[in-house]
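# the following comprises the amino acid sequence and a computationally predicted model.
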Amino acid sequence: MFRKRGANFLLTLSATVLVVFFAPTAAGPGIPEIKAYLNGIDTPNMYGASTLFVKIIGSIGAVSAGLDLGKEGPLVHIGSCIASLLGQGGTDKHRVKWRWYRIMNNDRDRRDLITCGASSGVCAAFRSPVGGVLFALEEVATWWRSAILWRTFFSTAVVVVVLRAFIEFCSSGKCGLFGNGGLIMFDVSNVTVHYNMMDILGVALIGLIGGVLGSLYNYALHKVLRLYSLINERGKLAKILLSLTVSIFTSVCLYGLPFLVGCTKCDPSISKFECSTTGRTGNYKRFNCPKGYYNDLASLLFSTNDDAVRNIFSTNTPGEFHSVSLVIYFVLYCILGLFTFGIAVPSGLFLPIILIGSAYGRLLGIAMGSYTKIDRGLYAVLGAASLMAGSMRMTVSLCVIFLELTNNLLLLPVTMLVLLIAKSVGDCFNPSIYEIILELKGLPFLDANPEPWMRNISVAELADVKPPLISLRGLEKVSRIVDILRNTTHNGFPVIDDDVTVPSSEGTKARELHGLILRAHLVAVLKKKWFLNQPRKTEEWEVRQRFSWVELAERDLDFEQVAISKNEMEMYVDLHPFTNKTPYTVVEDMSVAKAMVLFRQVALRHLLIVPKYQGAGIYPVIGILTRQDLRAHNIQTVFPHIAKTKGREKQK
């Protein structure tokens, strides 16, 4: 036993060292960062080759170490990493530059690929193809269209076919525990579901408890993660020591707590080879009991997480687990779930929450006793679904995932009821767990629904409280471009042309908004030293001779190492060929609420504000909005009266 705990310690150490020293972005589930990316926020090195490698190896180590975490969240991140690497043709240093890859080297197709990767990860984790598609739709994707629907469906179909092939190959035990349960992981189809009015009340109670417990779990996890962030700021050694402390605490609890419960005599109908086992086979662990007896708490704690779920979900076994053991198991996994998530290892939330929810669901089934016709194993299934809905606030995708997990379509009505109640109750207290993690990480995620008070503020008012707008001319001096790049952190600049003849007029001159140029393109121009002795417009063929589509697709923002002489500083650059001539714009009197909806749905990075009236003496751009400008907290900071009004409304 101590040898096994020592192995758990070493596995945790190896997973933590990989994350801390090689890929810090591989820690956690990765789902919040995927949500953020599909919302328009790019986290550096989130989908790189090193992150993928560490995520795979670290997940194996962390799950094998017996920590209270799941592989489902990491599998979603792994699927997204694979999709991203395939879409861009490999790693940044070793990239395939075939001509046909050009069609996928854009932000929209990369978002689509990462969405497909996320849905494939859910499908691989739960063997739930339709659930994977709905998870991508409901939870991670910000912008959805019909093309993404069939692409994600095709991806999950391929995953299921590959999984089925490997399960068939491994059916003889060649691959260890892989393939146990087939495509249906937690089959409860052997029970016919009958329920009456008392059962509906019990189901509603499960949903109510799931919503309350889910919101409490989110609140407690928020506090723990804030504490962990303070510990992790002390350096890499602090992260490693924190992970090892959690590993030791987990091992002590798993080994010591089964001594608190007594032994249970094996059911005579159970084969002697299945009951009272000491190895990894069999659901009933002998632990400290004599032959013919088993320890029900040890049977849960000493099994893999998947086997533990199968045990609690088991039907037609009313006396298999006692109430005291389930209470201890519930409390233990609540504590372990809170303190394990957030350490520097790849981890997921799905399976720990399923374990916690199934424990109290089965407890409620025991408490209902003869008042219910629903099997205790089915109560465990409903308990797991309710806690996931209460914490993650998902409904449709969770419903389908649980139906595909359990293979019992008769559970559909009560599962829908439980999920709706749990989500509604949880929404009354706090946001979902992923929204809390996004806030803690400081990722500027834009919610789907703007605040009501945003309708009363125009985008022109936001532009007035921002620093003065910095724009560039179509034919700009090199010295000014260098000065702007050194003294600002902006990623987009309006390009303005002076003295442009207005069409359908008799020689009237005015300023023209030519478009928007990105910082990365300015850096590319400086690195190539594409300078002109005299200000003149260049031809398209001149640009194509010097710049390839691969170079312009790069997002290199570092120009400090570019040596520019004094003579070059006085030269000019024609910015017209590198400018996006059709940027998204809004009129100055549009409300912030409408602008935020547009910004989020199209996944923009910059939104130009143009004047309501155009004329010779009017500047063509009033301001530029970014993601940070449209966040409710930042708007309240620059408009204090809004925050005060909101506070008075809450008091009333």
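Looks like it came in fine. Residues are numbered from 1 along each chain as shown.
# any idea how this protein splits into domains?
Structural domains assigned to the chain are 2-170, 197-210+244-440, 452-643, following automatic domain parsing.
# rounded mean pLDDT for the shortest one, please.
This predicted structure assigns domain 2-170 an average pLDDT of 87.
# centre of the chain versus it, how much separation?
The chain centroid and the centroid of domain 2-170 are separated by 10 Å, computed with C-alpha atoms, centre = their mean, to the nearest Å.
# about what we covered before: to residue 223, which of the domains of the chain lies closest?
domain 197-210+244-440 (8.8 Å; C-beta to C-beta). C-beta here means a position set from N, CA and C on the backbone, and glycine is covered the same way.
# all the helices of the stretch 351-500 of the chain, residue numbers only.
Secondary structure of the stretch 351-500 of the chain (DSSP state H, counting those that start in this stretch): helices located at 376-392, 396-406, 412-427, 433-440, 459-464, 478-487.
# return the most buried member of these.
When these are scored by mean count of other C-beta atoms under 10 Å, the highest mean neighbour count falls to helix 376-392 (a mean of 30).
# so which elements touch it?
helix 197-232, helix 305-313, helix 350-368, helix 396-406, helix 412-427, helix 433-440 (3 or more C-beta pairs under 8 Å, 6 or more residues apart in numbering; DSSP states H and E).
# residue 152 and residue 116 touch, don't they?
Yes - assessed by C-beta atoms under 8 Å, residue 152 is found in contact with residue 116 at 5.2 Å.
# just put the helices and strands packed on helix 376-392 in a markdown table and tack on distance to residue 468 and mean pLDDT.
What follows is the helices and strands packed on helix 376-392, written out as a markdown table (distance: least, C-beta to C-beta, whole Å; pLDDT from 0 to 100):
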| stretch | distance to residue 468 | mean pLDDT |
| --- | --- | --- |
| helix 197-232 | 35 | 93 |
| helix 305-313 | 56 | 87 |
| helix 350-368 | 48 | 92 |
| helix 396-406 | 46 | 93 |
| helix 412-427 | 41 | 95 |
| helix 433-440 | 31 | 92 |
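# please save the CA atoms from stretch 422-442 in PDB.
What follows is stretch 422-442, C-alpha atoms only, in PDB (Å, rounded to 0.1, in the frame of the first residue of the first chain):
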ATOM      1  CA  ALA A 422     -30.600  23.000 -10.900                       C
ATOM      2  CA  LYS A 423     -29.500  25.600 -13.500                       C
ATOM      3  CA  SER A 424     -32.300  28.000 -12.500                       C
ATOM      4  CA  VAL A 425     -31.500  27.700  -8.800                       C
ATOM      5  CA  GLY A 426     -27.800  28.100  -9.400                       C
ATOM      6  CA  ASP A 427     -28.200  31.200 -11.600                       C
ATOM      7  CA  CYS A 428     -29.900  32.900  -8.600                       C
ATOM      8  CA  PHE A 429     -26.600  32.800  -6.600                       C
ATOM      9  CA  ASN A 430     -23.500  33.200  -8.800                       C
ATOM     10  CA  PRO A 431     -22.100  32.600 -12.300                       C
ATOM     11  CA  SER A 432     -21.000  29.300 -13.700                       C
ATOM     12  CA  ILE A 433     -17.700  27.800 -12.700                       C
ATOM     13  CA  TYR A 434     -16.100  28.600 -16.100                       C
ATOM     14  CA  GLU A 435     -17.100  32.200 -15.900                       C
ATOM     15  CA  ILE A 436     -15.600  32.400 -12.400                       C
ATOM     16  CA  ILE A 437     -12.300  31.000 -13.700                       C
ATOM     17  CA  LEU A 438     -12.300  33.400 -16.600                       C
ATOM     18  CA  GLU A 439     -12.700  36.300 -14.200                       C
ATOM     19  CA  LEU A 440      -9.900  35.000 -12.000                       C
ATOM     20  CA  LYS A 441      -7.500  34.700 -14.900                       C
ATOM     21  CA  GLY A 442      -8.300  38.200 -16.000                       C
END
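# point out where the stretch 451-600 of the chain drops to low pLDDT.
Residues of the stretch 451-600 of the chain that meet the criterion pLDDT under 70 lie in 504-507, 549-557.
# how about the strands in it?
Counting by DSSP state E, counting those that start in this stretch, the segments of the stretch 451-600 of the chain that form strands are 472-473, 475-477, 492-501, 509-518, 572-574, 585-587.
# can I get the domains of the chain in CSV including distance to residue 219?
Below are the domains of the chain laid out as CSV (distance: least, C-beta to C-beta, whole Å):
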stretch, distance to residue 219
domain 2-170, 17
domain 197-210+244-440, 6
domain 452-643, 20
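# can you tell which of the ones you listed is closest to residue 236?
Taking C-beta to C-beta, domain 2-170 is the member of the domains of the chain nearest to residue 236, at 4.8 Å.
# that older thread, let me have the helices and strands packed on helix 376-392 in TSV, extended by distance to residue 183.
Output for these, formatted as TSV (distance: least, C-beta to C-beta, whole Å):
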stretch	distance to residue 183
helix 197-232	27
helix 305-313	13
helix 350-368	18
helix 396-406	8
helix 412-427	19
helix 433-440	27
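# which of those helices sits closest to residue 319?
Among those, helix 350-368 comes nearest to residue 319, with 9.8 Å by C-beta to C-beta.
# quick one, that closest one and helix 305-313 angle?
20 degrees (axes from the mean of the first three to the mean of the last three C-alpha atoms, to 10 degrees).
# kindly export helix 350-368 (C-alpha atoms) in PDB.
Provided in PDB are the C-alpha atoms of helix 350-368 (Å, rounded to 0.1, in the frame of the first residue of the first chain):
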ATOM      1  CA  PHE A 350     -16.400  16.800 -14.900                       C
ATOM      2  CA  LEU A 351     -15.700  13.600 -13.200                       C
ATOM      3  CA  PRO A 352     -15.100  15.000  -9.600                       C
ATOM      4  CA  ILE A 353     -18.500  16.700  -9.800                       C
ATOM      5  CA  ILE A 354     -20.100  13.500 -11.200                       C
ATOM      6  CA  LEU A 355     -18.700  11.600  -8.200                       C
ATOM      7  CA  ILE A 356     -19.900  14.200  -5.700                       C
ATOM      8  CA  GLY A 357     -23.400  14.400  -7.200                       C
ATOM      9  CA  SER A 358     -23.900  10.700  -7.600                       C
ATOM     10  CA  ALA A 359     -23.100  10.200  -3.900                       C
ATOM     11  CA  TYR A 360     -25.800  12.600  -2.600                       C
ATOM     12  CA  GLY A 361     -28.200  11.300  -5.300                       C
ATOM     13  CA  ARG A 362     -27.900   7.800  -4.000                       C
ATOM     14  CA  LEU A 363     -28.200   9.000  -0.500                       C
ATOM     15  CA  LEU A 364     -31.500  10.700  -1.400                       C
ATOM     16  CA  GLY A 365     -32.600   7.500  -3.000                       C
ATOM     17  CA  ILE A 366     -31.900   5.600   0.300                       C
ATOM     18  CA  ALA A 367     -33.700   8.300   2.200                       C
ATOM     19  CA  MET A 368     -36.800   8.100   0.000                       C
END
